[in-house]
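Okay, predicted coordinates and the sequence, questions at the end:
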Amino acid sequence: MHYTLDKQDKHAVIKLHEQKLNTLISAELKSELLILNSQGYTNLILDLSDTNYCDSSGLSAILVGNRICRNANGAFVICGLSDAIKKLITISQLEQVLTIAATQPDAVDMVMKKA
């Protein structure tokens, strides 16, 4: 999995550098999210602006991030969604469950308001 990680005081940003968030990537992403949470990061941002495709296992990884942050009274924000990923989230009826921002700066603003 190719990604960059930007750790700040109140949040961490994972920017995925993969075209597809699928079975090959999702297990590693889940692990990284759990590691960050265990290090005390309760506010996480997942930037998918380089990602064009997501399948059910990728969606599962996103939901893991959402759950661990929510359970820690933090925030999990996804941003930079392609039209295909937006459509998958809508079809799965998860737009009410997930916090979605258009851009990474918007996501940071959302997290800082919650923190």
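That came through, no problem. Residues are numbered from 1 along each chain as shown.

three-state assignment of I14?
Look at I14: counting by DSSP: H, G, I helix; E, B strand; the rest coil, its state is strand.

Name whatever forms a beta bridge with it.
Taking DSSP bridges as the rule, I14 bridges to L5, L46.

Can you check what pLDDT the model gives it?
For I14, the model assigns a pLDDT of 98.

next one: P105
96.

Roughly how far does the residue nearest in space to the middle of the chain sit from E18?
Taking C-alpha atoms, centre = their mean, the centroid of the chain lies closest to L46, which sits 3.0 Å from it. Distance of L46 to E18, computed by C-beta to C-beta, to the nearest Å: 12 Å. Placement of C-beta: from N, CA and C, glycine included.

hang on, the residue nearest to the centre of the chain packs against C79?
Yes - counting by C-beta atoms under 8 Å, C79 is a contact partner of L46 at 7.4 Å.
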